[in-house]
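Trainee: just need the structure, nothing else, for what follows:
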Amino acid sequence: MLNYTTIKLECASGLARLTLNRPDRRNGMNNLMVRETCQALQQVAADATVRVLLVSGAGDAFCPGADLRSMTSSEERGADVALQSEDFQAPALLHTMPQVTIAAVNGACAGAGFGWACGADLRVARAGAMFNTAFLNVAVAGDMGVPWSLPRIVGAAKAREWSFFCEKFSAEDALAAGFVARVWAADEFGPKVEELVRSLLRKSPTALLTMKAHYLAAEAMTYKDFLLLETERHMRISSSKHTAEAFRAFIEKREPVFD
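Mentor: The predicted structure is shown next:
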């Protein structure tokens, strides 16, 4: 396991927890965080024991985007790393890695941090969390792939509205737009996130990861070609011991047990 400075990564029992860990800066990104997050996601993507990745922020924020103080301070900027184009692949990794990815938005989520959240398969939020694309507010057109990912989540019109107006919106607004799947009160947020993760980890590992692969394949294929692929995989999985156990458990009204 690699040691990181600006993030934490823990992997156990099929779950990887990636925590953005600059709470004194509300988890604002400096260049090192951008690079380390990309490295950590590559590490998780290559780990066949992990089925679910949970991304969250330390303290009371998720990630408000770039840490502008570090970018404008000559002292801090000089101590930071120089980024290459490959360091900006975090949202693509969140989207395409084999594991199911969840962004648990526990507070401010804006700019590049918003772009990272867009890359995840699922987003959940704590009541009181605020969102903002934010890029035009600091005279940049944006990074982290928002124009690709956001319209696929909320539709083209809403994506443009959020991007061009740069107005803050609440967790409840995000839920209404379909950007987040769940919103929980602050005192429920942690336990509810854990419950959600456990529910995924109880699924058949083969079926869960194949479903993720299905969604990725469908993005690049015609409907007809995808149906051929899906049918081949479905027939193979349906004859597996996991499916046999799930059928028995359903009939016996119990939770299936997958080894």
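Trainee: CA atoms for contacts and neighbours, from now on please.
Mentor: OK.
Trainee: burial check on residue 86, number of neighbours?
Mentor: 9 (other C-alpha atoms under 10 Å).
Trainee: per-residue pLDDT, it?
Mentor: Residue 86 is assigned 93 on the pLDDT scale.
Trainee: that one in helix, strand or coil?
Mentor: Assigned by DSSP: H, G, I helix; E, B strand; the rest coil, the conformation of residue 86 is helix.
Trainee: distance of it from residue 109?
Mentor: Relative to residue 109, residue 86 is positioned 23 Å away (C-alpha to C-alpha, to the nearest Å).
Trainee: can you check residue 149 too?
Mentor: 16 Å.
Trainee: list the contacts of the host helix or strand of residue 197.
Mentor: Per DSSP states H and E: residue 197 is located in helix 186-201. Contacting residues not belonging to helix 186-201 are listed as 14-15, 51-52, 104, 106, 124-128, 183-184, 208 [C-alpha atoms under 8 Å, 6 or more residues apart in numbering].
Trainee: so how far is that helix off the chain centroid?
Mentor: Between the centre of helix 186-201 and the centre of its chain there are 15 Å (C-alpha atoms, centre = their mean, to the nearest Å).
Trainee: for stretch 93-113, same thing?
Mentor: In this view, stretch 93-113 has its centroid 2 Å away from the chain centroid, taken as C-alpha atoms, centre = their mean.
Trainee: kindly report the same for stretch 105-121.
Mentor: The chain centre lies 8 Å from the centre of stretch 105-121; the measure is C-alpha atoms, centre = their mean.
Trainee: quote the end-to-end distance of that stretch.
Mentor: Terminal residues of stretch 105-121 are spaced 13 Å apart (C-alpha to C-alpha).
Trainee: heads up, I number from 52, so please use that
Mentor: Let's use 52 as the start, then, which means that last one is stretch 156-172.
Trainee: and the nearest residue to residue 72 once chain neighbours are set aside, bridged to which residues?
Mentor: Distances taken as C-alpha to C-alpha, 6 or more residues apart in numbering place residue 58 nearest to residue 72, at 4.6 Å, with adjacent residues excluded. Beta bridges link residue 58 to residue 71 when assigned by DSSP bridges.
Trainee: any idea how far residue 58 is from residue 82?
Mentor: Distance from residue 58 to residue 82, by C-alpha to C-alpha: 12 Å.
Trainee: how about low-confidence regions in this protein?
Mentor: Within the chain, the stretches with pLDDT under 70 are 52, 123-130.
Trainee: residue 200 and residue 160: who's more crowded?
Mentor: Applying other C-alpha under 10 Å to residue 200 and residue 160 shows that residue 160 carries more neighbours, namely 28 against 21.
Trainee: break the protein down into its structural domains.
Mentor: The chain is divided into the following domains under automatic domain parsing: 58-252, 256-302.
Trainee: single out the most deeply packed of those.
Mentor: For the domains of the chain, average neighbour numbers computed from mean count of other C-alpha atoms under 10 Å are highest in domain 58-252, which has a mean of 19.
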